[in-house]
Every structure is written in C-alpha cells, then in structure tokens.
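Peer 1: this one's sequence-less:
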C-alpha cells in the first residue's frame, strides 16, 4: 500500500495528472470563450434587429432596413468598447447602463416620437463622450501626462473654432484661388465662391457638404428620394453616426462634434503608437502636440463630411493594429480592434491604409485578425452596394462620378504607355510625387523620408535582435504606406489635371500624416533634444497664420500654392 501511494505521488505520475487537468481546463476555457463570443454577437444581432423593427414601425421599411449594416457596426464597436475597456470594479456594474445609453441613440427618439426629446439625445451623447474622456484621462494620469492631454485638448479646440464657417479653409479655398471677396448670402446657394450656408443657416461650409447630408436623409427621412444623384452613398458610416444626434437645424453641430472627437482620438492614438514603437515619452508628446495642429484637420474640421474622420481613422487603425500585434489581449479586445479598423473604410475609401494594417499583421503571423479584416471589408462593401443600396434603396447613386477617376486615369495611362509618350509619363510621375511631398506640407514629408532612410540603415547595422525586430515593424508601416500613397497619386494624376488648378491635390496624400508626424517628432528629438517642443509650437503658428489675415498656408495644402487670405 505504501508503495502504491508513493508511485501515485511520484513526479512522473503527478506531472501526467497535472497535464491532463491542464488540457481539460484549456479545453473548457476555449469552449467558454466560444460561448461568450457567440453570446456577444447574439446580443448585438438582437439589438440591431430590434432597431430595424423600431425604425420600420415608426418610419418605413426602407429606412429600417437601410439602418441594419451601419447599426451593426456601431453597436459592435460600442459593445466591445464597454466590454473591454470598463474593467475596474468601479466600472463593471455600469456596463449595461452605458451599453443601453449607446443603444438608445439608435432609436432616434426626437425623430420618431417628438423633437422635444432632442436635448435627451444630446445629453446621452455627452455622457458617452464623458466616458471616453474618462478613459483617456485615466490613461494619461497613469502615464503621468495629464497636463499634456489637457494642453492638447485646448490647442485642438482653439484650432477648430478658429477655422469654422467663413474662416474654414475648405470654405474659402475657391474665393482665395480666384481672388474674389465672399459671395456668401444666407439661405441662398452660392456657386461663385462655393460657400453655402449649411441647412440654410449662418454657418458656412463648402457647397460640397450637401451631398453628405443626403446620406443622413437616406437613413432617417421616409420622403427622401434623391439618392440617385449622389456620388458618395457608399461612404455611409460617418453620416450614420452624425444622424444619431444631428436632426434638422443641428446637423452641422453633430458633424463638428464628431470631427473634434475623432481628431482627439487620432492624437491619442499617435501617442500610444509611439510608445508601442518603443519611442520615449518626449517623442510621443511632441507627436501628439503636432497632431493637434495638423493642417489636414484644420483645413477640414469645419466641414460636416467624412474627411476629418478618414484622416483620424488612419492613426486609429495603426494603433489598433499595433495593439493586436504587440499587446497580450483577449479575443474580445481583438474583435473590438477589428471592428475599429473595419469602420475606417465604411467612413471613406482608405483601402491602402487597411492593406498596410493587413501586411503588418501578416508580418507578425497574426493571420486570423488579418483575414477577418480583409473578409469583413469585402463583405461590408458588397452588402452595402448590392443589397442595401441596389435592392432596398433602389439606386447605387451616381456611379459615373465614382468611376470617372478610374476610367479617365486608366485610359490616359494606357494611351501614354502604348505610345511610349515619355513626356506625359514623366509629367504624371512628377505631379504624383509633388502631391505626395506637398501632402506632408513638405517638411513633414522630408522628415518621413529621412527617417525611413535611417531605419533602413539601422536594420543592417543593428546586432540586438529585439531592437532589430522593432525597426522591421516600423518599416512594415512606413514603407508600404509611402509606396501605396505615391502609386495612388501617380495613377490618378490624369484625372486631377481635369479638375484642379495645377493638376494635383495635396490633401489626398495627407493620409500619411501618422507616420510623418511620428518621424518629425523623432528627428526633432534627435536634433533638438529638450528644445524639441519648438516643433509643435512652429506647427501651431503655421496652421494659424491665416487667423492674422495675412496669408493662408492651408491653401498650399489644398491647391499647392499659397494664397493671400481675406474675408
């Protein structure tokens, strides 16, 4: 008997028992995770279905069905945000309350019940913003950088409110280009200087912005039947978010608040990305402050369209990809980041950014998230166009405008290549490169290219494997980003020659701003050391020089030349 007890407790048998129990526990854990994931998706599907029925009942079946896809994406992001970010014992009891707050916005009480309930929607929206600020504030307190966060918010607010209405660069760009004084008149279309009152209000935007208001009406207005003339119906998610809080008369404020929130999110994402790339906190702080004065955001923050959101999503998508690659996170968090990346292309056609993210994930053998991102983006684009637009709405919009860039550019390039027209080919390449350089306001682009050169040089000299691995990760983001944007700009140059003054449009290349901002912060830290904070100060001055009434620097960003600024 004694021998039997000893053998049972021997090291070999004990290890076998422990291994057996471990395998059983892991198997149960995997089953439990799968059950939780199924339950999560089930809750989101039930909530989306209820919202569809609700909107169909109070509006029309068409309106209800058109809300299905954007509501599913929105609720997925909000659900997994609450599930993965509300982790402390203080926050957990309020999970369902915050989840229901986000869901209540989709029911659009001011639209379907009474406009008197509109303050309730705005209060709900502000509570959700406060929750996001609370999480960001906690993060920067832990980083001992709360003052940086506060200063960034103040700079961002100043930059935003100083560049709205007639002072919005995207509003006055044609006026300055043509040397005209403003022809804006309240409650009247103005296609002389292309400045129009949004919703016939005193707030002025570019007349282009009306096209995005149409997408909001598709999702909310039972009587709207003018979608066949719209070029941009495929870009639905920004307009959906805006429509949750912005009703007739207040749509501009909804778009403007979203722009501010996403701009701040981009700055926080750049800060976090710098730390994930193992830069020190000074580099991260400089990059964050530069982001708060980035010319692309300032140029378009006063416009209730998806442009600022698309710029912001570039930084957010990079950060989300790095979280999947570098952080020890569970499946729910991975799903949250996958939906964040997916929402980027639902806002705007930023597929090159998605391709960079997928490439980086594959380079670190994160094949499942990469495949999920790729498949989901293809599926969302297919469903929105071929199911919801074509069969539910009855039109895919004016696709002639969408395809014109592709057809004109492709035909001109084929003609130039088949006839070996070197002058034309070199002109297109030259203008594409100029667009790329101007998109980073020259010095940002130069900083990015110099830093890429440093990285390439370092990877061959570096002996430390950990540092070498980090350099290779940086290159997986920086090099494909530049190559894809340059290739895109060169390809579309023939079309840009048709509808721009100089044949290039630098703001189309601004999507490189996250990597160029990080590069600028890194080089300034290398060269200027503790005086590197001069760089965000200079960036702020350059971005705000038009406030003095002397000159508009953002004209350079949009048109490729400086413009004397007057009202």
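Peer 2: Cool, the structure landed. Since the structure is predicted, the reported quantities are computational estimates derived from the model, not experimental observations.
Peer 1: which residues sit in contact with residue 256?
Peer 2: Residues near residue 256 by CB atoms under 8 Å, 6 or more residues apart in numbering: 160, 164, 301, 302, 304. In this view, the C-beta of every residue, glycine as well, is placed from N, C-alpha and C.
Peer 1: Restricted to helices, list these.
Peer 2: With DSSP state H as the criterion, helices contain residue 160 from among the contacts of residue 256.
Peer 1: Among the contacts of residue 256, find the lowest-pLDDT one for me.
Peer 2: For the contacts of residue 256, the weakest pLDDT value sits at residue 164, with 88.
Peer 1: one step back: just the closest of the contacts of residue 256 to residue 477, please.
Peer 2: Minimum distance to residue 477 across these is 25.4 Å, recorded for residue 301 (CB to CB).
Peer 1: so can I have JSON lines of the contacts of residue 256 showing neighbour count and distance to residue 66?
Peer 2: Shown next, in JSON lines, are the contacts of residue 256 (neighbours: other CB atoms under 10 Å; distance: CB to CB, whole Å):
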{"residue": "160", "neighbour count": "21", "distance to residue 66": "31"}
{"residue": "164", "neighbour count": "17", "distance to residue 66": "30"}
{"residue": "301", "neighbour count": "26", "distance to residue 66": "28"}
{"residue": "302", "neighbour count": "29", "distance to residue 66": "28"}
{"residue": "304", "neighbour count": "29", "distance to residue 66": "20"}
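Peer 1: Could you provide the contacts of residue 256 in JSON lines, with additional columns for distance to residue 433?
Peer 2: Below are those laid out as JSON lines (distance: CB to CB, whole Å):
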{"residue": "160", "distance to residue 433": "31"}
{"residue": "164", "distance to residue 433": "33"}
{"residue": "301", "distance to residue 433": "28"}
{"residue": "302", "distance to residue 433": "30"}
{"residue": "304", "distance to residue 433": "32"}
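Peer 1: For residue 514, state which of the contacts of residue 256 is nearest.
Peer 2: Proximity of the contacts of residue 256 to residue 514 (CB to CB) peaks at residue 301, which lies at 17.1 Å.
Peer 1: so that closest one makes contact with residue 159?
Peer 2: Yes. Here residue 301 reaches residue 159: they are 7.4 Å apart, a contact under CB atoms under 8 Å.
Peer 1: what stretches of the stretch 51-200 of the chain score poorly on pLDDT?
Peer 2: Scanning the stretch 51-200 of the chain for pLDDT under 70 picks out the ranges 88-91, 183-191, 200.
Peer 1: Can you list the residue ranges for strands in it?
Peer 2: For the stretch 51-200 of the chain, the strands defined by DSSP state E, counting those that start in this stretch cover 195-197.
Peer 1: Same check on the chain?
Peer 2: Using DSSP state E, the strands of the chain run over 195-197, 204-206.
Peer 1: okay, these, which one's buried deepest?
Peer 2: strand 204-206 (a mean of 25; mean count of other CB atoms under 10 Å).
Peer 1: is it true that residue 71 touches residue 50?
Peer 2: No. Between residue 71 and residue 50 no contact is recorded; they are 9.8 Å apart, counting by CB under 8 Å.
Peer 1: More neighbours: which of the two?
Peer 2: Higher neighbour count among residue 71 and residue 50: residue 71, with 24 against 14, using other CB atoms under 10 Å.
Peer 1: thinking again about what came up before, closest to residue 367 among the contacts of residue 256?
Peer 2: Nearest to residue 367 among those, counting by CB to CB, is residue 301 at 37.7 Å.
Peer 1: what are the phi and psi values for the closest one?
Peer 2: Main-chain torsions, residue 301, degrees, to the nearest 10: phi -60, psi -30.
Peer 1: returning to that earlier point: how about the strands of the chain in TSV, adding distance to residue 483?
Peer 2: TSV is the format used below for the strands of the chain (distance: least, CB to CB, whole Å):
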stretch	distance to residue 483
strand 195-197	37
strand 204-206	31
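Peer 1: Residue 361 is nearest to which of those strands?
Peer 2: Proximity to residue 361 (CB to CB) singles out strand 204-206 among these, at 36.5 Å.
Peer 1: Outside of that closest one itself, list whatever touches it.
Peer 2: Residues outside strand 204-206 that contact it (CB under 8 Å, 6+ apart) are 165-166, 168, 170-171, 173, 184, 194-198, 252, 302-304.
Peer 1: if you set the cut-off to 7 Å instead, what comes out?
Peer 2: 165-166, 168, 170-171, 184, 194-198, 302-304 (CB atoms under 7 Å, 6 or more residues apart in numbering).
Peer 1: Distance to residue 220 added to those, as JSON lines?
Peer 2: Formatted as JSON lines, the contacts of strand 204-206 follow (distance: CB to CB, whole Å):
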{"residue": "165", "distance to residue 220": "25"}
{"residue": "166", "distance to residue 220": "29"}
{"residue": "168", "distance to residue 220": "25"}
{"residue": "170", "distance to residue 220": "25"}
{"residue": "171", "distance to residue 220": "25"}
{"residue": "184", "distance to residue 220": "27"}
{"residue": "194", "distance to residue 220": "27"}
{"residue": "195", "distance to residue 220": "26"}
{"residue": "196", "distance to residue 220": "21"}
{"residue": "197", "distance to residue 220": "21"}
{"residue": "198", "distance to residue 220": "17"}
{"residue": "302", "distance to residue 220": "23"}
{"residue": "303", "distance to residue 220": "20"}
{"residue": "304", "distance to residue 220": "15"}
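Peer 1: Grab the two from the residues you listed that are most spread out in space.
Peer 2: Greatest spatial distance among the contacts of strand 204-206 (CB to CB): 184 and 304, at 16.5 Å.
Peer 1: Pull the most distant pair out of the contacts of residue 256.
Peer 2: Longest distance between any two of the contacts of residue 256 is 12.8 Å, between 160 and 304; criterion CB to CB.
Peer 1: number of nearby residues for residue 212?
Peer 2: Around residue 212 there are 24 residues (other CB under 10 Å).
Peer 1: I'd assumed residue 305 was in contact with it.
Peer 2: Yes. The criterion here is CB atoms under 7 Å, and residue 212 meets it with residue 305 at 4.7 Å.
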